[in-house]
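Colleague: Make a model of this:
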Amino acid sequence: MGMEMTVSQEGAAMLRAAGLRVTQQRLATIAALAERPHADTEDVHRAVRATLPTITVQSLYVVLAALTEAGLIRRIEPAGSPARYELRTGDNHHHVVCTRCGAIADVDCAVGHAPCLTPSHDHGFAIASAEVTYWGLCPTCARTDPDAAPGPATPSGTPAPA
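Modeller: This next block holds a predicted model:
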């Protein structure tokens, strides 16, 4: 009978495997992201403060940068949105973003191994990953106004004016 690891135990193992010190700030950040995929810094800070009330936003930025650099979390930056963080790393998955409310969901690669897209010309680059962002209406927003077209996203990521 195997014993389930807690998020804290898994987080500590992840940190050690990456050669990082195990700290309460790092463990709390990992726990927050385990509960809140695609959270922005403000959401992570609010969650971490529930267990570590004195953590500053600046300290959290340092933790997020260290975890990102170590490859333990992934930073995504959908156009027109603050940076978001997630624990899902190493699989080159993509995202779908609601043009109305900003909800984000994971989309697995459509084809094979990373990068799951092959450019028509790589210009000599050694391509390591591809990032695609799909834009549309989430199910909740589509139900709210079923006649609304999702509309194309502008470069800023917000819906184009009608």
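Colleague: Find me the pLDDT at Glu42, would you?
Modeller: Glu42 is assigned 97 on the pLDDT scale.
Colleague: Can you give me the neighbour number for it?
Modeller: 11 (other Cβ atoms under 10 Å). Where you see a C-beta, it was placed from the backbone N, CA and C, and this is true even at glycine.
Colleague: do Gly71 as well
Modeller: 11.
Colleague: and the residue lying closest to it once chain neighbours are set aside, what element?
Modeller: Distances taken as Cβ to Cβ, 6 or more residues apart in numbering place Thr89 nearest to Gly71, at 5.9 Å, with adjacent residues excluded. Thr89 belongs to no helix or strand when assigned by DSSP states H and E.
Colleague: Begin at 626 from now on, thanks
Modeller: Got it, the first residue is 626 from now on, which makes the last one we talked about Thr714.
Colleague: List the residues that contact Thr714.
Modeller: By Cβ atoms under 8 Å, 6 or more residues apart in numbering, the contact set of Thr714 is 696-699.
Colleague: One more: Ile729?
Modeller: By Cβ under 8 Å, 6+ apart, the contact set of Ile729 is 662-663, 701, 703, 709, 720-723.
Colleague: what's the answer for Arg699, then?
Modeller: Residues counted as contacts of Arg699 (Cβ under 8 Å, 6+ apart) are 693, 710-714.
Colleague: If it is in a bridge, with which residues?
Modeller: Glu711 (DSSP bridges).
Colleague: Kindly report the domain assignment for the protein.
Modeller: 632-701, 717-787 (automatic domain parsing).
Colleague: which of these sits most buried?
Modeller: Comparing these by mean neighbour count (mean count of other Cβ atoms under 10 Å), domain 632-701 comes out on top with a mean of 16.
Colleague: How about Tyr759, nearest residue that isn't a chain neighbour?
Modeller: Val721 (4.1 Å).
Colleague: Surely the one you found is in a helix?
Modeller: No - Val721: not assigned to a helix; according to DSSP: H, G, I helix; E, B strand; the rest coil it is strand.
Colleague: mind listing what the closest residue to Pro707 other than its chain neighbours touches?
Modeller: Excluding its sequence neighbours, the residue lying closest to Pro707 (Cβ to Cβ, 6+ apart) is Asp665, at 4.4 Å. Contacts for Asp665 were tallied using Cβ under 8 Å, 6+ apart; they are 706-710.
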